[in-house]
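1. no sequence for this one, just the structure:
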């Protein structure tokens, strides 16, 4: 979201316990809850979910979500997603999924694209 930033990197480990059955924020623009700091209007979550677990993530107006299944299987609006699958959600008020087996996901909550995106 900014031009001319110096290259930088951070590294942090998030344990399985921190990510078990919750959306653990691992990267954010404000480094909330000890997450990695990024220069983009995004929240990146990681989660390890037990079988049968149901998860809901509400979207604020104007935001969208990319959900990626790292391993396992989950049902999203009657669509079964398995390892390597990803789906974008742009016009729904929330993302709601239920997992069938041990499942690891990444969920990226994105703000609106700036009007100068891609220029």
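-> That came through, no problem. The model shown is predicted, which means the values in this text are computed figures rather than measured ones.
2. quick check: which ranges of the protein have low pLDDT?
-> 1-2, 4-5, 113-119 (pLDDT under 70).
3. show me where it has helices.
-> Here the chain has its helices, by DSSP state H, at 16-19.
4. closest to the centroid, which residue in it?
-> Nearest to the geometric centre of the chain sits residue 107, at 1.6 Å (C-alpha atoms, centre = their mean).
5. so who does that residue touch?
-> Applying C-beta atoms under 8 Å, 6 or more residues apart in numbering to residue 107 gives the contacts 23, 44-47, 57, 65-68, 95. All C-beta spots, glycine's among them, are computed from the backbone N, C-alpha and C.
6. which residues in the protein form strands?
-> According to DSSP state E, the chain carries its strands in the segments 24-28, 36-37, 42-49, 54-58, 64-71, 73-76, 79-82, 86-89, 94-99, 103-110.
7. now flag whichever of the contacts of residue 107 is closest to residue 78.
-> Distance to residue 78 across the contacts of residue 107 (C-beta to C-beta) is lowest for residue 95, with 13.6 Å.
8. once you drop chain neighbours, what's closest to that closest one?
-> With sequence-adjacent residues excluded and distances taken as C-beta to C-beta, 6 or more residues apart in numbering, residue 95 is closest to residue 57, at 4.7 Å.
9. and that neighbour, what is it in contact with?
-> Counting by C-beta under 8 Å, 6+ apart, residue 57 makes contact with 23, 45, 65, 94-96, 107, 109.
10. my guess is residue 48 contacts residue 17, does it?
-> No. Applying C-beta atoms under 8 Å, one finds residue 48 not in contact with residue 17, separated by 9.2 Å.
11. between the two, tell me which one has more neighbours.
-> Legend: neighbour count by other C-beta atoms under 10 Å for residue 48 and residue 17, higher for residue 48 (23 against 8).
12. distance of residue 53 relative to residue 85?
-> From residue 53 across to residue 85, the span is 18 Å (C-beta to C-beta, to the nearest Å).
13. these two - which one has more neighbours?
-> Neighbour totals were compared for residue 53 and residue 85, and residue 53 leads with 18 against 15 (other C-beta under 10 Å).
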